[in-house]
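Next comes the sequence, and after it the predicted model I'd like to discuss.
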Amino acid sequence: MQLTKEEFKKRLERKLDNYFEEDVKSASNSDLYAAVSAIVRDGYTPQWRRIRIAETNQKQKQVYYFSIEFLPGTLLKSNLLNLGWLKTVREALADLHLDLDKIAAAEPDMALGNGGLGRLAAAFMDSLASTGYTGNGNGIRYKYGLFKQKFVNGYQKELPNDWLKKEDHWEVRRESKSVLVRFGGKVNMVDDNGWMTPQYEGERVVRAVPYDVAVVGYKDGLTNTLRLWDAEVPPEEELNYPTITDRRRVEDLTSILYPDDSNYEGRLLRLKQEYFFVSAGLQSILNYYTKDLDNKDLTKLPNYVAVHINDTHPAMAIAELMRLLVDEHRVDWDTAWNITQKVMSYTNHTIMAEAMEKWDVNMMSQLLPRIMQIITEIDRRFCVGLKGHVSDDVIERTRIIKNGQVQMAHLAIIGSHSINGVAALHTQLLETKVLKDFYNLYPDRFNNKTNGITLRRWLQIANPELSDLLDETIGKNWRNDSDEMLNFEKYYHDTKVLHKLSDIKLDNKKKLAKFIKERTGIVVDPTAIFDVQVKRLHAYKRQTLKLLHILKLYQDLKAGIDHPKRVVIFGAKAAPSYVFAKQVIKVINETANMINNDPDVNDKLKVIFLEDYDVSLAERIIPAADVSEQISTTTKEASGTSNMKLMANGALTVATMDGANIEIKDAVGEDNIFSFGLNKDQVYKYYAEHSYHPREMYENDAVMKKAVDALIDGTIPNCSAEGQALFNNFLGDNEQFLVLADFEAYLRAQAKIEQTWKQKRLWEQMSLVNIAHSERFDVDKTIERYAEDIWHLKKLEVEKADR
Ligand code: F58
């Protein structure tokens, strides 16, 4: 739908008047945000409805992406972009002396995720709609999103993220689509006309109410739905929840997002959350299938429905679908199992053992007695089916229930037709190491789907200047067809384009410098190397290695050894219960404080740890980065996605050959990336032979020793305990992340970065190559592969006028 500037201005005046009795001059940014988002909503609502009707009429297969996290960030600019209105609205507002960026900043981040996994789920939603596939998100409407991070005396403090305090302008409550979810009680199987049927006793019934968020596809795309469930007391059950505490317990179910990447607290609540959104989602799918599509034959379900399990958190979907089919729809077990396997597919996002979910059988039996029975039966049949075909050892290693625990990854694998990793190396490690037994059992189920990013958000929205340069050089069609970005490489020798590229970067760095000044009071030089590491704080991601590099640079500068100017920028949240990660934050903050206030260093080196890294902050930092730090211990980072975003914005990557870094190197070529460090075989050799002795390395390398000693010799003030903790960690023989083993190679890579930085033209050329090849990580390409290989979807045929 076209929108002219004049029409927009008229609508804006009307909305401001109706909603707030304000005009453009008197309205606050928050009022303006509400008014502009209302105009956007009016823009997509009719097509959202028409597309739902088209879906029902065409009865084409749909995917439902089940994820306990979705991390869309803010939606105003992305909805404007996708409607094709961004430029018009920006200009119309400018005519009125208003700034779209300031208005958009009034939108709270929808931070219903921790990191990469949640962000990927949001990118997939955007991409499904943009590529024309009917894809639905299914998740939880957390009242509190990922915590707000504050630094107090250098320590991370967590504050609640009350993102719904101001009403959310995108969600629509759909009470009529509510369903009931049952917890606890006892279950007795009774014979009902020859069908063993569960009878529940003393269970708690919770009402799941969906809030739908429109997912507006780019230009000619669809408008799909992200359905997030809230928990309420069912009106007909009020008497069973007589006290405020009883009611609060129900509301608590969807109160908080677990902020933990390493280990879980409040496990029972987490288990409840998992079952809650899985059961609600599947019930609403079956309601749609049997009622709206009027389909009574459930054996045909896989022709219409694909359910994707994003990591193991929704893996109970397998048992729940079995329950719904067998208990509620009276489908026999074998048929139901066949349907379930065809419907379900599963993505694994990590090989880290501690993140592999396991649930206590007792806990599950109490909370979900019927589900536990069903899982027990799946496990029994799995073992019986394998008996005699493979060794008993293999059966023991692969079965679902072991040592009183339910292994969720095993359930996900056994109940799905497809299992994928998120980068080539990660998938290879799943097949050959972590899930080797399963790969031997079901080789055809395994496949790789390397992650992607939405270039719409990370280039078009976050970096409009670079997007304009692409338009001017290669034409505008890259915005629809990312393959065309490869043509940018033709400008490798074009001095004018290279200069423009560096002007744009400098401009973005100036903006970030201004923001840093506002936020922290620290002045940074925009002509310095902006060296960026943004991701969750985790030992395997090795912010610690960066810290040691900073200490080494500092020591050099103090000793009069010169280096090009550098600003190191961190953004990272630590899980609240992750002690080591929080110690790292404290030491980095104290190191930053020391360096930033040391007149000897002058402004040769600055260290900036920005608080509260989230999608919005990422949009400010990433376009301004020169160097992208991707330095995880090889084999540990499944894929990484900030690596792709930074590359698309022309940052040069310093990388271990881990996750998708390998594919970045393949795309840009060895000369356009700074790769370093142990390879996977060397890492596994250390583990297998227990041959990692970091203390020897430390004793034999004076430079390393000096940097590491800074942690304990009083160099860094106010963090002796934390410094000591890091020191002990680095030198322990069982330090799994091999920080010191990569130290020297990392310094060499950094020295190369400094040399390259001095050759301005070469740097710009490398940057250009990285931008051009980021097309490889366009999420739309990733989605096409999922749609074709895993979900078997066709695009919805919708008249252009109906979109
Ligand atoms: C991330 N996982 C991977 N998990 O670490 C990263 O390499 C990958 O690029 C990304 O997934 C997308 O595939 C991740 O973000 C979580 O945050 C989980 C949240 C719930 C608890 C367990 C960790």
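Nice, thanks for sending it over.

Report all helices and strands that the longest strand seen in the chain contacts.
The residue-count maximum for a strand in the chain (DSSP state E) belongs to strand 204-216. Judged by 3 or more CB pairs under 8 Å, 6 or more residues apart in numbering; DSSP states H and E, strand 204-216 is in contact with helix 29-58, helix 76-83, helix 116-131, strand 171-173, strand 179-183, strand 223-232, helix 267-287. From N, CA and C alone the C-beta is placed, and that goes for glycine too.

ok and it relative to strand 179-183, angle-wise?
Angle, strand 204-216 to strand 179-183, by axes from the mean of the first three to the mean of the last three CA atoms, to 10 degrees: 130 degrees.

Give the partner strands of strand 204-216 in its sheet and their orientations.
When sheet partners are counted by DSSP bridges, strand 204-216 sits next to strand 171-173 (antiparallel), strand 179-183 (antiparallel), strand 223-232 (antiparallel).

in the shortest one, what's buried?
Of the residues in strand 171-173, E171 count as buried by neighbour count, 16 or more other CB atoms under 10 Å.

re the thing from before, so for the longest strand of the chain, what's the average pLDDT?
When pLDDT is averaged along strand 204-216, the result is 97.

Distance from the chain centre to that strand, please.
21 Å (CA atoms, centre = their mean, to the nearest Å).

and if you look at stretch 723-732?
Averaged over its C-alpha atoms, stretch 723-732 has a centre that lies 30 Å from its chain's centre (CA atoms, centre = their mean).

and that stretch, which residues are buried?
Neighbour counts using 16+ other CB under 10 Å place G723, A725, L726, F727, N729, F730, L731 of stretch 723-732 among the buried residues.

Could you tell me the end-to-end distance of stretch 722-740?
End-to-end distance of stretch 722-740: 18 Å, with CA to CA, to the nearest Å as the criterion.

cool, and stretch 642-662?
Distance across stretch 642-662, first residue to last, is 14 Å (CA to CA).

go on, stretch 138-146?
In terms of CA to CA, the two terminal residues of stretch 138-146 are separated by 18 Å.

contacting residues around the residue of the stretch 51-200 of the chain at minimum distance from the ligand?
When distances are taken as CB to the nearest ligand atom, the stretch 51-200 of the chain reaches nearest to the ligand at G116, 2.9 Å away. The contact partners of G116, by CB atoms under 8 Å, 6 or more residues apart in numbering, come to H349, N451, K535, R536, S639, G640, T641, S642.

let's see 6 Å
The neighbours of G116, taking CB atoms under 6 Å, 6 or more residues apart in numbering as the test, are T641.

what about the closest residue to D614 other than its chain neighbours, distance to S78?
Leaving out its chain neighbours, the residue that sits closest to D614 by CB to CB, 6 or more residues apart in numbering is D109, at 4.9 Å. In this view, D109 and S78 are 12 Å apart by CB to CB, to the nearest Å.

repeat for L435
The separation that L435 has from S78, given CB to CB, amounts to 35 Å.

do G452 as well
Separation of G452 from S78 (CB to CB) stands at 16 Å.

Could you check which of the two has the larger neighbour count?
Of the pair G452 and S78, G452 is the one with more neighbours under other CB atoms under 10 Å, namely 27 against 23.

I'd guessed that one sits against T782; true?
Yes: with contacts counted by CB atoms under 6 Å, G452 reaches T782, the gap being 3.6 Å.

Contact residues of the stretch 401-550 of the chain facing the ligand?
Counting by CB under 6 Å from any ligand atom, the positions of the stretch 401-550 of the chain adjacent to the ligand are V422, N451.

quick one: secondary structure of the residue of the stretch 651-800 of the chain found nearest the ligand?
Distances between the stretch 651-800 of the chain and the ligand by CB to the nearest ligand atom are smallest at G659, namely 5.5 Å. Counting by DSSP: H, G, I helix; E, B strand; the rest coil, the backbone at G659 sits in coil.

I'd like the helices and strands packed on strand 204-216 as JSON lines, with mean pLDDT appended.
Below are the helices and strands packed on strand 204-216 laid out as JSON lines (pLDDT from 0 to 100):
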{"stretch": "helix 29-58", "mean pLDDT": "95"}
{"stretch": "helix 76-83", "mean pLDDT": "98"}
{"stretch": "helix 116-131", "mean pLDDT": "98"}
{"stretch": "strand 171-173", "mean pLDDT": "97"}
{"stretch": "strand 179-183", "mean pLDDT": "98"}
{"stretch": "strand 223-232", "mean pLDDT": "98"}
{"stretch": "helix 267-287", "mean pLDDT": "96"}
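
Dump these into CSV; add distance to R445 as well.
Written out in CSV, the entries for the helices and strands packed on strand 204-216 read as follows (distance: least, CB to CB, whole Å):
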stretch, distance to R445
helix 29-58, 28
helix 76-83, 34
helix 116-131, 20
strand 171-173, 36
strand 179-183, 30
strand 223-232, 27
helix 267-287, 21
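
out of those, nearest to T756?
For T756, the closest of those is helix 116-131, at 28.1 Å, according to CB to CB.

buried stuff in whatever helix or strand comes next after the closest one?
The first helix or strand that comes after helix 116-131 along the chain, using DSSP states H and E, is strand 135-140. In terms of neighbour count (16+ other CB under 10 Å), strand 135-140 has its buried residues at G135, N136, G137, N138, G139, I140.

how's the protein carved up into domains?
Per automatic domain parsing, the structural domains of the chain span 1-58+75-108, 59-65+117-451+785-795, 455-777.

measure the longest one end to end?
In this case it means domain 59-65+117-451+785-795. 12 Å.

Okay, now the unreliable bits of the stretch 251-400 of the chain?
Counting by pLDDT under 70, the stretch 251-400 of the chain has low-confidence residues at 261-265.

What ranges does it have for its strands?
Taking DSSP state E, counting those that start in this stretch as the test, the strands found in the stretch 251-400 of the chain are 305-310, 344-347, 358-360.

For V209, give the beta-bridge partners.
Residues in a beta bridge with V209, per DSSP bridges, are D230.

mind listing what it touches?
The neighbourhood of V209, defined by CB under 6 Å, 6+ apart, consists of E175, S178, D230, E232.

and if you look at D311?
The contact partners of D311, by CB under 6 Å, 6+ apart, come to L117, H349.

All set, thanks.
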